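1. Pasted the sequence and its predicted model underneath.
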Amino acid sequence: MTTVSEYQTNAANISEGAVQSYRAQGFIHLSGVISQAEAGRFYSAALEASKTNESFARGKSEKVFTQLVNLWREDPVIKELTFHPNLAALAERLAGVALRLWHDHVLIKQPFNQAPTEFHQDQPYWPHNDAANRHCLSAWVALCDVPAEKGCLTFINKSHHYTGRRAQDLTDAKDLLQLCPDMIYMPRTTIPLRAGDCTFHSSWTAHMATPNFTADPRVAHIVIYMDADTTYSGTGHPVTDPLDLKVGEPLAGEMFPRIAKNDFN
């Protein structure tokens, strides 16, 4: 079994400069956060789950990608990845605060799906109070090689400073840029990934995914972490709607466990 210290990038060997770069830019590319053997195993599990858990797919996003939400609660193999100790430790190292799991989701961009996922920020979709003051971030783990022509991510550098916007339309290339015209002229970084690589990005960082022009599915697993003190805003969301939460109630407990990999006071 691979130990955390054996991964190419882990919380012990990531440099302080890399951490500060993530916080300044709003995203970072980290190589080899899981092994290629693990990536292959999780890739197979994700594809199998997509055949047997179609009820997890969410609305019109199916036209852009297949999305399986909170798959960790249904699939024991995917649960291993969602709670992977190297991902959790890196997330808290980058965020610098104690974190909980918000939710996971598998995103599959099907072969020859030429629909891009347009620029958007994640945070406006989530029912979190005081979101602009909290540090939520996503680990986007490539379970196969993801070159530019297969649907890799492009980030707008430093766009995480633009907070407080409404949710954006993933199918409208102009939506976010009309909300934040400054972003039209801000530098952009496209990051192809090898299987086992990962990008972390802040919940306010604007990002998009290119179409999948290849004959193979692009399979990624995203683990979303939130500040451990996050509370419920009352806004509708598929994860929280069935839970009968009250506004201001902490997002905690079995559904939103602490990842507890670093010691924060």
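-> Now that the structure is in, tell me what you want to look at.
2. Do I have it right that H207 meets F27?
-> Yes - if you go by C-beta atoms under 8 Å, H207 and F27 touch, sitting 7.3 Å apart. Where you see a C-beta, it was placed from the backbone N, CA and C, and this is true even at glycine.
3. any common contacting residues for these two?
-> Taking C-beta atoms under 8 Å, 6 or more residues apart in numbering as the contact rule, H207 and F27 both touch 155, 201.
4. Run the chain-centre distance for the longest helix along the chain.
-> Determined from DSSP state H, the single longest helix within the chain is helix 36-52. Centre-to-centre, helix 36-52 and its host chain are 17 Å apart (C-alpha atoms, centre = their mean, to the nearest Å).
5. Show me what that helix packs onto, helices and strands only.
-> On a contact count with 3 or more C-beta pairs under 8 Å, 6 or more residues apart in numbering; DSSP states H and E, helix 36-52 meets strand 66-69, helix 76-82, strand 99-109, strand 137-142, strand 218-227.
6. need the next SSE after the longest one, C-terminal direction.
-> If you walk from strand 99-109 toward the C-terminus, the next helix or strand you reach (DSSP states H and E) is strand 117-120.
7. correct me, but S35 touches Y7?
-> Yes - in this structure S35 lies within contact range of Y7 using C-beta under 8 Å: 7.1 Å.
8. possible to save the helices and strands packed on helix 36-52 as CSV with mean neighbour count, mean pLDDT and distance to C180?
-> CSV is the format used below for the helices and strands packed on helix 36-52 (neighbours: other C-beta atoms under 10 Å; pLDDT from 0 to 100; distance: least, C-beta to C-beta, whole Å):
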stretch, mean neighbour count, mean pLDDT, distance to C180
strand 66-69, 20, 92, 25
helix 76-82, 18, 97, 31
strand 99-109, 24, 96, 23
strand 137-142, 26, 98, 19
strand 218-227, 25, 97, 22
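9. looking at the ones you listed, which is closest to M255?
-> Checking these against M255 by C-beta to C-beta gives strand 99-109 as the closest, at 8.4 Å.
10. Just checking the distance from the closest one to the centre of its chain.
-> Taking C-alpha atoms, centre = their mean, one finds the center of strand 99-109 at 6 Å from the center of the full chain.
11. tell me which strands and helices that strand is in contact with?
-> Packed next to strand 99-109, using 3+ C-beta pairs under 8 Å, 6+ apart, are helix 36-52, strand 66-69, helix 76-82, helix 85-95, strand 218-227.
12. Just give the nearest non-adjacent residue to V239, would you?
-> Of all residues not flanking V239 in the chain, H103 sits nearest, at 5.0 Å (C-beta to C-beta, 6 or more residues apart in numbering).
13. got a list of what the one you found touches?
-> H103 sits next to 69-70, 224, 239 when contact means C-beta under 8 Å, 6+ apart.
14. Just send the residues you listed back as JSON lines, with distance to P124 too.
-> Shown next, in JSON lines, are the contacts of H103 (distance: C-beta to C-beta, whole Å):
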{"residue": "V69", "distance to P124": "17"}
{"residue": "N70", "distance to P124": "20"}
{"residue": "I224", "distance to P124": "14"}
{"residue": "V239", "distance to P124": "15"}
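15. Okay, the residue positioned nearest the centre of the chain and D104: tell me how far apart.
-> Taking C-alpha atoms, centre = their mean, the centroid of the chain lies closest to S138, which sits 3.3 Å from it. Distance of S138 to D104, given as C-beta to C-beta, to the nearest Å: 10 Å.
16. again with A206
-> From A206 across to D104, the span is 22 Å (C-beta to C-beta).
17. Ok, H84 next?
-> 11 Å.
18. Spit out the residues that contact those two alike.
-> Shared contacts of H84 and D104, counting by C-beta under 8 Å, 6+ apart, come down to V223.
19. Report pLDDT for F65.
-> Here, the pLDDT recorded for F65 equals 80.
20. Repeat that for F264.
-> 46.
21. Over to T52?
-> 78.
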